[in-house]
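Chemist: next comes the sequence, and after it the predicted model I'd like to discuss.
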Amino acid sequence: MPEPHDDRLRVARLPWTTDLNPYQRALYSSLERYGVDLIGTGELSSAWLERNRATVDVLHVHWKLHRLADRAPMGADRAAWVCDQLEVAREAGFTLAWTVHEPGLLEEDGDVERSTVERHLLEHADVAFTHDRATAQMVADLARRIRADRLPVTVTPLGDYRPLLEEVEPSEVVTTAMRRRLRLEDGARLVLAQGSLRVDKDLGLLVDAVGRLDRPDVALAIVGAIGDEPTRRFIDGVDRSRIRVLPEVLPAPSLRACYELAEVTVLARRRNWSSSSLLSAIAHGTPVVAADLPTHHEILGGNGATWCTPGDPDALAGAIARVLDDPFRARSTLLAARAHAARNSWDTMAERTAAAMRSAVSRRRDARGAAPAPVASGSSRV
């Protein structure tokens, strides 16, 4: 058991998030044992920063960076406003931590608002976290080009998801209801994909690949909220006789039933991404087809999935067919993935995260050597 901490750290998340997310529930509940308390969700506004400067030590940035600008004034340059507010927070004494979940987006420059904020975080964050070594190296290399000092990057591998499912008992009633909702006839072979809160899961590529299978017994289900508009428009235009779509956040028993009904879960994305979707699938006992990417290999291990060439619908269709046609091999990859995931625990992840946050806070305090400065009342760029 970890030793009790007198120097407890107070952490607020940025931007808006929800405790429905199992990753965040597991992370923050585990951090408590290592002297880190989740205060709640922070806000980039002078009023919030002033009100919480004495009660919050760390602002912990996650995904959905566009939501950092929720409080930006109408007509403001949203990216510049976010950068200014983060600077206000640093001047007020907050330590800035950033967990990089989306390494594939760091390689793209199409979204000016997002890339501006990412660059600011690379330049000014006090500590960065990644869930794999490939992303850690990318973040360190990018930061080295734009900042005078070294950005500390800590690798915190994602924990095993199976303990998160222990309280969710399988139910025949729920499973029967989900079979009905998914319109699964006797003999149907279900291919499952999770919804898309960002343009990252390449659901269009998956729909294309399943269509190329030319197998009437195969049904594709896309389950979960679809939060990005391009994907929503695409899904709305697809012939619903080919796919089943449940575009909502399902209760845990219903989601578990979907996994139990599926013969394979597919993550078609073509970009590196530190995805807990993979861990959720294998924890539920479903074999995985995934793009052959370094981040995916670190999460599942080299033999933990049926791999396909990123962005290739024919390769994706072939990988799905191999799982459906060879249940013994699919089972062996599932067991390999589970063994790989079991090497990491949320407790170990929390211990590393807490130690890195505590070190970052100490460095900030040593560098300042004085009480926190007053919070500025506004942004110079707005």
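Modeler: Arrived safely, thanks for sending.
Chemist: now the helix or strand harbouring residue 365: how far from the chain's centre is it?
Modeler: Secondary-structure assignment from DSSP states H and E places residue 365 in helix 346-368. Relative to its parent chain, helix 346-368 has a centroid offset of 21 Å by CA atoms, centre = their mean, to the nearest Å.
Chemist: how about stretch 304-322?
Modeler: For stretch 304-322 - counting by CA atoms, centre = their mean - the centre lies 22 Å from the chain centre.
Chemist: buried residues, it. List them.
Modeler: Neighbour counts over stretch 304-322 (16 or more other CB atoms under 10 Å) mark 304-308, 310, 312-313, 315-321 as buried. Quick note: C-beta positions are derived from backbone N, CA and C, even for glycine.
Chemist: got it, and stretch 53-73?
Modeler: For stretch 53-73, by 16+ other CB under 10 Å, it's 53, 56-66, 68-69, 71-72.
Chemist: for residue 263, state which of those residues is nearest.
Modeler: residue 63 (29.7 Å; CB to CB).
Chemist: average model confidence for stretch 203-222?
Modeler: Throughout stretch 203-222, pLDDT has a mean value of 91.
Chemist: can you check stretch 257-271 too?
Modeler: 92.
Chemist: quick thing: my sequence starts at 113, can you match it?
Modeler: Yep, numbering from 113; the last one is stretch 369-383 now.
Chemist: can I get the CA coordinates of it in CSV?
Modeler: Provided in CSV are the C-alpha atoms of stretch 369-383 (Å, rounded to 0.1, in the frame of the first residue of the first chain):
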residue,chain,number,x,y,z
ALA,A,369,-24.1,-7.1,-23.8
CYS,A,370,-23.0,-5.5,-27.2
TYR,A,371,-19.5,-6.9,-26.7
GLU,A,372,-20.8,-10.3,-25.7
LEU,A,373,-22.9,-10.4,-28.9
ALA,A,374,-20.0,-9.4,-31.1
GLU,A,375,-17.4,-11.7,-32.6
VAL,A,376,-14.9,-9.0,-33.3
THR,A,377,-14.3,-5.4,-32.3
VAL,A,378,-12.7,-3.1,-34.9
LEU,A,379,-10.7,0.0,-34.5
ALA,A,380,-10.1,1.3,-38.0
ARG,A,381,-8.3,4.5,-37.3
ARG,A,382,-5.3,5.2,-39.4
ARG,A,383,-3.4,7.6,-37.1
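Chemist: related to what we said a few turns ago, just the buried residues of stretch 416-434 now: which is nearest residue 375?
Modeler: residue 432 (9.4 Å).
Chemist: host element of that closest one?
Modeler: Short version: residue 432 belongs to helix 425-437, going by DSSP H and E.
Chemist: any buried residues in whichever helix or strand comes after that helix, and which?
Modeler: Next helix or strand after helix 425-437 toward the C-terminus (DSSP H and E): helix 439-453. Residues of helix 439-453 classed as buried by neighbour count (16+ other CB under 10 Å): 442, 445, 446, 448, 449, 450, 452, 453.
Chemist: next, the angle helix 425-437 makes with helix 439-453.
Modeler: Going by axes from the mean of the first three to the mean of the last three CA atoms, to 10 degrees, helix 439-453 is angled at 100 degrees with respect to helix 425-437.
Chemist: I am finished for the moment; much appreciated.
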